[in-house]
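Colleague: Next comes the sequence, and after it the predicted model I'd like to discuss.
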Amino acid sequence: MRIEQLKQEWFGNVKGDVLAGLVVALALIPEAIAFSIIAGVDPMVGLYASFCIAVVIAFVGGRPGMISAATGAMALLMVNLIADHGLQYLLAATILTGIIQIIFGVFKLARVMKFVPRSVMIGFVNALAIMIFMAQIPHFQGEGWVMYGLVALTLAIIYIMPKLTKAVPSTLIAIIAVTVLAVFGNIEVGTVGDMGTITQQLPVFLIPSIPLTLETLMIIFPYSLALAIVGLLESLLTANIVDDMTETESDKNKESRGQGIANIVSGFFGGMAGCAMIGQSVINVKSGGKGRLSALVAGVFLMFLIVVLGGLVVQIPLAALAGVMIMVSVSTFDWSSVKNLHKLPRTDAFVMISTVGVVLYTNDLSKGVLAGVLLSAIFFAAKISKVKVTDELVMKEQKRIYRVNGQLFFASVSDFPKKFIYTDSVNEVIIDLTHAHLWDDSAIGALDKVEQRFEQNNIKVHYTGVNEESKQLKEKIGGLSKAASGQ
Amino acid sequence: MFQKILVAADGSKHSIRSAEYALEIAKKFNGKIDVVYVVDGQMAKTDVLQARDKFELEKKRKEKLKVIKDLLEESSVPYETHFLHGEAGPTIVNYANDHEFDCVVLGSRGLNNLQTFLLGSVSHKVAKRVDCPVLIVK
């Protein structure tokens, strides 16, 4: 990369980047802790992840101004792995996730993401929002009105505070206020300390202590693949949003690779897998961040605060974090998709709702995306496989012209031969393919079948208007399939 | 007096009405209109999510201004459209002040007290901080 561009990306906006980085660090802390709790690990795992990923991405990411750290989408995917096998397997899975993402980046598979239709993407973020919300419900079980009161207070501060000042993230003000209230008011509520310990140390390099066997790989691979795909999906979506907000372009393949490197580093330093965060990136850009420096400052400042103030962090009531998570889920949800649901094509709406349904049923975001993609593929095939055949009789020449309109391929040709009259009393038929395209050997096979049945009735078949690609395909396999059918 | 007129537009009915007023002013004073559409963070997120690619994104945004464009196209008033990124209030204020407009026309969303408290009134902010006269269309 040219030095000039690198310099611009790092130091083109120092003041804006540093200030935005500080704001983002403050906003990241509650989320990193809350996502750790969702995943079922010590808060440090999420905090170390956020530190490592933010710092590494600052250097190797493809989208300056985007913030990556521990995220809800990723945390939700690892719940079962941690519950069944423990933290060490999560760290190994995180490293493998990174390796898979690097492979995605090296082979320029970012393009593949365009095969994920937008109705699936909308379903994905909506399902993510609902799952983050649902993950908060256990915190309320067996709790009295104090819990509800504190959550309500947290939410009130989060939504009202920005009217007074936007200098400090309102989530942080809410957390501090509720923590102070709980500590000095002697209110007995669950705190972060109940969910694990905060170690006021920098992360250290560790190789996950797992048996290096095929069995281990079989355990972690499905999780890593799901994490890799969901991580890239959210990162590239976020990159597009930052592209739009800053009116600049970004290198999506470099970003995929960068996400991979960041996750590998995170795994070796005791962090969980993460990806780009839409909410934090929007906060960053809004606060004036657009260079690489802001992600670096965010990561370093976050770690600094934990090392210095870790003792206070354990006193944060879970109610305050639950409030922050409810805010995160509300802002993640794409409300316009619900408002415009009746305006969408019915199949798109169905795909979106199915994606959400599958995610909520399986508790797995990647399965929802897969189901959504498959469902849209089926709908697409159904839509495009409508082939229209119109015919016209030319009396004096004793021939009939068939005009075929549509795409001929495996899904569209099953009824195709039935659209011709084989017992016609003409000498010749012309099949006009001007408005048709032959895609595969099923298409050629269907035409051969039609031709064969006309010939059985002594009717000659001619083709007109075959386009170049279809002609090549026909010549290539036409003879073969005829030979195979014994002609 | 009012030769350089800025219209803040978001495609809503209010913004179409403001464009009608701006057009009348421009006709009287032989002025030129700049239509400004501001995309904030939340909108960027929604738009990117709903559009398949950059091309479609831009097309969809332009469609939102179609009614206003048609309106201006019919008249002989010269005009330009601009898509800006940032928070609606400050972005309009900065653009208006930097480009020395003679008049800013924008619609009031007609929020009630609670909504104004929660969402903040863009028109109030703009009216307070823009250097030139501001016409708020109700």
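Modeller: On my side now, so go ahead. Numbering: from 1, shown residues only, chains lettered A, B, ... in the order given.
Colleague: Low-confidence ranges, chain B, go.
Modeller: Across chain B, the ranges flagged by pLDDT under 70 are B:110-112, B:114-120.
Colleague: for it, what spans make up the strands?
Modeller: Under the criterion DSSP state E, strands of chain B are mapped to B:4-8, B:32-39, B:79-85, B:103-107, B:134-137.
Colleague: Give me the distance between the last one and the centre of its chain.
Modeller: Translated: strand B:134-137. 11 Å (C-alpha atoms, centre = their mean, to the nearest Å).
Colleague: Could you name the helices and strands sitting against that strand?
Modeller: Here strand B:134-137 touches helix B:13-29, strand B:103-107, helix B:122-129, going by 3 or more C-beta pairs under 8 Å, 6 or more residues apart in numbering or on different chains; DSSP states H and E. Just so you know, the C-beta spots here come from the backbone N, C-alpha and C atoms, and that holds for glycine as well.
Colleague: neighbouring contacts of the second one?
Modeller: Think strand B:103-107. Here strand B:103-107 makes contact (C-beta atoms under 8 Å, 6 or more residues apart in numbering or on different chains) with B:2, B:4-8, B:12-15, B:17-19, B:21-22, B:25, B:92, B:96, B:122-123, B:126, B:130, B:132-138.
Colleague: does chain B sit close to the lengthiest helix in chain A?
Modeller: Identified as the longest helix of chain A according to DSSP state H is helix A:214-246. Yes. Helix A:214-246 reaches chain B (C-beta under 8 Å from any C-beta of the partner chain) through A:237, A:240-241, A:243-246.
Colleague: And for stretch A:254-265?
Modeller: No. Judged by C-beta under 8 Å from any C-beta, stretch A:254-265 makes no contact with chain B; its nearest approach is 14.9 Å.
Colleague: And stretch A:171-181, by the same measure?
Modeller: No. Judged by C-beta under 8 Å from any C-beta, stretch A:171-181 stays clear of chain B, getting no closer than 15.7 Å.
Colleague: how far out from the middle of the chain is that stretch?
Modeller: Going by C-alpha atoms, centre = their mean, where stretch A:171-181 is centred and where its chain is centred differ by 32 Å.
Colleague: avg pLDDT for it?
Modeller: What stretch A:171-181 shows for mean pLDDT is 91.
Colleague: Give the buried residues for it.
Modeller: A:171-179 (16 or more other C-beta atoms under 10 Å in any protein chain shown).
Colleague: ditto for stretch A:304-321
Modeller: Using 16+ other C-beta under 10 Å as the test for burial, stretch A:304-321 gives A:305-306, A:310, A:313-314, A:316-321.
Colleague: Confirm A:Tyr463 sits in a strand?
Modeller: Yes. Using DSSP: H, G, I helix; E, B strand; the rest coil, the secondary structure at A:Tyr463 is a strand.
Colleague: Return the residues of chain B in contact with chain A.
Modeller: Residues of chain B that fall close to chain A, judged by C-beta under 8 Å from any C-beta: B:39, B:41-42, B:44-54, B:57, B:85-87, B:117-118, B:120.
Colleague: So which residues of the stretch 301-450 of chain A form helices?
Modeller: A:318-332, A:335-339, A:346-362, A:365-384, A:441-456 (DSSP state H, counting those that start in this stretch).
Colleague: Which neighbouring elements make contact with the last one?
Modeller: Other elements packing on helix A:441-456 under the criterion 3+ C-beta pairs under 8 Å, 6+ apart are strand A:399-408, strand A:428-438, strand A:460-464, helix A:468-484.
Colleague: tell me how far it is from the chain's mean position?
Modeller: Counting by C-alpha atoms, centre = their mean, helix A:441-456 comes out at 44 Å from the chain centroid.
Colleague: can you pull the buried residues of that helix?
Modeller: Applying 16+ other C-beta under 10 Å to helix A:441-456 flags A:441-452, A:454 as buried.
Colleague: Just send these back as TSV, with distance to B:Gly107 and pLDDT too.
Modeller: Putting the buried residues of helix A:441-456 into TSV (distance: C-beta to C-beta, whole Å; pLDDT from 0 to 100) gives the following:
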residue	distance to B:Gly107	pLDDT
A:Asp441	60	84
A:Ser442	57	86
A:Ala443	55	87
A:Ile444	60	86
A:Gly445	61	86
A:Ala446	58	88
A:Leu447	60	88
A:Asp448	64	87
A:Lys449	63	88
A:Val450	62	90
A:Glu451	65	88
A:Gln452	68	88
A:Phe454	67	90
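Colleague: what about the residue of chain B found nearest chain A, how many neighbours?
Modeller: Proximity of chain B to chain A (C-beta to the nearest C-beta) peaks at B:Gly41, 4.0 Å away. By the measure other C-beta atoms under 10 Å in any protein chain shown, the count of residues near B:Gly41 is 22.
Colleague: ok, it touching A:Met245?
Modeller: Yes. With contact defined as C-beta atoms under 8 Å, B:Gly41 counts as touching A:Met245 (6.2 Å).
Colleague: Before we move on, what's the pLDDT of the nearest residue to A:Ile100 once chain neighbours are set aside?
Modeller: Spatial nearest neighbour of A:Ile100, excluding adjacent residues (C-beta to C-beta, 6 or more residues apart in numbering or on different chains): A:Ala228 at 3.9 Å. With respect to pLDDT, A:Ala228 scores 94.
Colleague: and A:Ala228, how many neighbours does it have?
Modeller: The number of residues packed around A:Ala228, counting by other C-beta under 10 Å, is 28.
Colleague: can you pull the contacts of it?
Modeller: The contact partners of A:Ala228, by C-beta under 8 Å, 6+ apart, come to A:97, A:100-101, A:104, A:260.
Colleague: again, only this time at 7 Å
Modeller: A:97, A:100-101, A:104 (C-beta atoms under 7 Å, 6 or more residues apart in numbering or on different chains).
Colleague: Which residue is most remote from the mean position of chain B?
Modeller: B:Arg52 (25.5 Å; C-alpha atoms, centre = their mean).
Colleague: May I see the buried residues of stretch A:342-362?
Modeller: Of the residues in stretch A:342-362, A:344, A:347-356, A:358-359 count as buried by neighbour count, 16+ other C-beta under 10 Å.
Colleague: Would you tell me which residues of the stretch 1-150 of chain A are close to chain B?
Modeller: Residues of the stretch 1-150 of chain A found near chain B (C-beta under 7 Å from any C-beta of the partner chain) are A:118, A:121-122, A:125.
Colleague: Give me the helices and strands touching the strand or helix carrying A:Ala54, please.
Modeller: Here A:Ala54, judged by DSSP states H and E, is contained in helix A:43-60. If contacts are counted by 3 or more C-beta pairs under 7 Å, 6 or more residues apart in numbering or on different chains; DSSP states H and E, helix A:43-60 sits against helix A:14-39, strand A:68-70, helix A:252-268, strand A:274-276, helix A:292-313.
Colleague: so which of these comes closest to A:Leu6?
Modeller: Closest of the helices and strands packed on helix A:43-60 to A:Leu6 is helix A:292-313, at 8.7 Å (criterion: C-beta to C-beta).
Colleague: just the residues of the stretch 1-150 of chain A next to chain B now: which is nearest B:Arg61?
Modeller: The closest of the residues of the stretch 1-150 of chain A next to chain B, once distances to B:Arg61 are taken by C-beta to C-beta, is A:Arg118, at 15.7 Å.
Colleague: Run a quick neighbour tally on that closest one.
Modeller: Here the number of neighbours of A:Arg118 (other C-beta under 10 Å) works out to 22.
Colleague: That one contacts B:Glu56, doesn't it?
Modeller: No. Using C-beta atoms under 7 Å, A:Arg118 makes no contact with B:Glu56, being 9.2 Å away.
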